[in-house]
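Enquirer: sequence unknown, structure follows:
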């Protein structure tokens with residue numbers, strides 16, 4: 001009787017002096033947390049309100065009724081305002097309408113600086129762009145500043161915070177992917193119908209549509225995943241843009257590194273069909289190259305090299321004027337081009353490369369923060385989401401978002417999309433979802449470590465004085 005009582009006291013003492021678990025009630029938190037998430041899998045009203053902004057942005061870019069809502073001043077930022085209001089409700093609701101169990105868990109695990117710590121360079125760059133743009137508006141009288149770029153860049157941190165907090169994170173992530181698939185099906189079919197010229201109504205959305213093949217290629221099963229993967233391969237060809245071909249090639253390389261190389265070693269059938277389609281693609285590619293060379297550029301897009309080089313030269317000249325920090329984003333986001341006859345936006349267009357805009361407006365410092373943000377979040381996501389060959393739905397969604405984020409660099413390196421609200425919200429929202437999934441996985445791993453440590457304390461132990469002394473003086 002006394003021995004059992006002493007063992008119980010030792011276990012309680014160890015729990016209270018453990019660095020992660022300080023009371024026996026907190027020790028119960030990690031045991032029941034996985035069931036809490038499953039019990040709250042349904043999205044709350046605040047979750048729906050937050051995701052409504054993403055769904056509305058997908059409606060904007062698909063534009064099935066040709067309303068061009070993204071171009072209207074009263075409606076172009078509406079998706080962002082809706083999602084921000086939902087994020088505020090989620091954060092306030094977590095504080096007010098939370099159970100005692102979740103409140104205790106929140107106190108010792110949900111550190112409010114996790115997002116900022118993981119995406120510090122992105123926060124620094126976004127804040128810098130916003131401050132520079134506000135200065136340009138107030139003191140320079142520049143209305144077309146870069147404030148859209150900075151605000152939507154900071155929205156990635158808000159999205160990561162929401163995904164990390166919400167118990168229905170998997171439902172939220174899957175709902176976005178399903179809506180993106182639905183919008184992409186419509187856009188792909190529309191591109192297939194409009195085949196009379198080189199223009200593509202959904203150019204600059206390659207980062208959203210083509211990487212959806214990753215979501216299907218990693219799913220279990222053979223028939224439907226294979227058919228949908230082929231569908232999005234065809235979608236990459238239907239863009240008939242050099243950017244689309246680049247994104248398609250890079251997405252296939254991502255799939256090879258993430259999954260197909262393993263299947264190539266493990267499955268004889270997969271190896272056979274891979275080699276078969278490689279032969280078909282090589283033969284078709286050689287035939288197509290010969291045909292296009294015969295047509296002398298009458299079918300394929302030219303890429304507007306003259307206009308691009310003109311904008312690139314102007315951006316490079318601005319960079320040389322102040323190579324370290326540029327104009328600190330106090331310049332205009334668009335400029336009037338007189339050397340070309342341009343009907344779009346009355347000739348007021350940005351540089352045809354958002355990366356060159358970073359270089360021209362922020363100098364080397366902006367490029368450093370931009371690269372640091374991608375490397376930092378990429379390493380974090382790889383360590384907690386992408387490194388292991390896990391094929392649960394959250395891991396598959398993480399791979400999809402990772403591929404989309406990488407492909408977005410290839411898109412806005414040659415196209416100006418960060419000044420377009422709906423596309424910018426989708427781009428940085430996807431980046432934030434990837435970070436949020438990584439933060440959630442990090443918490444799960446910490447919970448697993450805490451569970452293992454608490455399980456060790458449940459084992460009966462002899463009531464030795466030196467052990468009790470060590471437990472009382474352990475590090476907190």
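Expert: The structure has been received and is ready for your questions. Please read all numbers here as calculations on a predicted model, not as lab measurements.
Enquirer: quick one: residue 45 from residue 80, how far?
Expert: Distance of residue 45 to residue 80, computed by C-beta to C-beta, to the nearest Å: 19 Å. (C-beta placed from N, C-alpha, C; glycine too.)
Enquirer: out of these two, which sits in the busier spot?
Expert: residue 80 (22 against 11; other C-beta atoms under 10 Å).
Enquirer: that one reaches residue 56, doesn't it?
Expert: No: at 9.6 Å, residue 80 does not count as touching residue 56 under the criterion of C-beta atoms under 8 Å.
Enquirer: could you find the closest non-adjacent residue to residue 258?
Expert: Using C-beta to C-beta, 6 or more residues apart in numbering and skipping the chain neighbours, the partner closest in space to residue 258 is residue 399 (5.7 Å).
Enquirer: thought residue 51 was touching residue 43?
Expert: Yes: using C-beta under 8 Å, residue 51 is in contact with residue 43, at 7.3 Å.
Enquirer: between the two, which contacts overlap?
Expert: Common neighbours of residue 51 and residue 43, counting by C-beta atoms under 8 Å, 6 or more residues apart in numbering, are 172, 175.
Enquirer: who has more neighbours out of the two?
Expert: Using other C-beta under 10 Å as the criterion, residue 51 and residue 43 rank with residue 51 on top: 24 against 18.
Enquirer: make sure the more buried one is indeed in a strand.
Expert: No: looking at residue 51 with DSSP: H, G, I helix; E, B strand; the rest coil, it is helix, so not inside a strand.
Enquirer: distance of it from residue 162?
Expert: With C-beta to C-beta as the criterion, residue 51 and residue 162 are 9 Å apart.
Enquirer: who touches both of those two?
Expert: With C-beta under 8 Å, 6+ apart, residue 51 and residue 162 have common neighbours 86, 172.
Enquirer: show me the shaky parts of the protein.
Expert: The model of the chain has pLDDT under 70 over residues 1-41, 94-112, 195-199, 288-307, 335-349, 448-476.
Enquirer: can you list the buried residues in the top helix by length along it?
Expert: Criterion DSSP state H: the longest helix present in the chain is helix 421-457. Within helix 421-457, the residues scored as buried using 16 or more other C-beta atoms under 10 Å are 421-443, 447, 450-451, 453-454, 457.
Enquirer: chain center to that helix, what's the gap?
Expert: 13 Å (C-alpha atoms, centre = their mean, to the nearest Å).
Enquirer: and the helices in the stretch 301-450 of the chain?
Expert: 305-321, 354-381, 393-412, 421-457 (DSSP state H, counting those that start in this stretch).
Enquirer: of those helices, which is nearest residue 71?
Expert: helix 421-457 (9.7 Å; C-beta to C-beta).
Enquirer: so that closest one versus helix 393-412, what angle?
Expert: With axes from the mean of the first three to the mean of the last three C-alpha atoms, to 10 degrees applied, the angle from helix 421-457 to helix 393-412 works out at 150 degrees.
Enquirer: tell me what angle helix 421-457 forms with helix 354-381.
Expert: Using the same axes, to 10 degrees, helix 421-457 lies at 20 degrees relative to helix 354-381.
Enquirer: doesn't residue 218 make contact with the residue nearest to residue 258?
Expert: Yes: at 6.0 Å, residue 399 counts as touching residue 218 under the criterion of C-beta under 8 Å.
Enquirer: for the two, list the residues in contact with both.
Expert: Counting by C-beta under 8 Å, 6+ apart, the residues touching both residue 399 and residue 218 are residue 258.
Enquirer: looking at those two, which is more packed in?
Expert: Counted by other C-beta under 10 Å, residue 399 and residue 218 do not tie: residue 399 has more neighbours, with 25 against 22.
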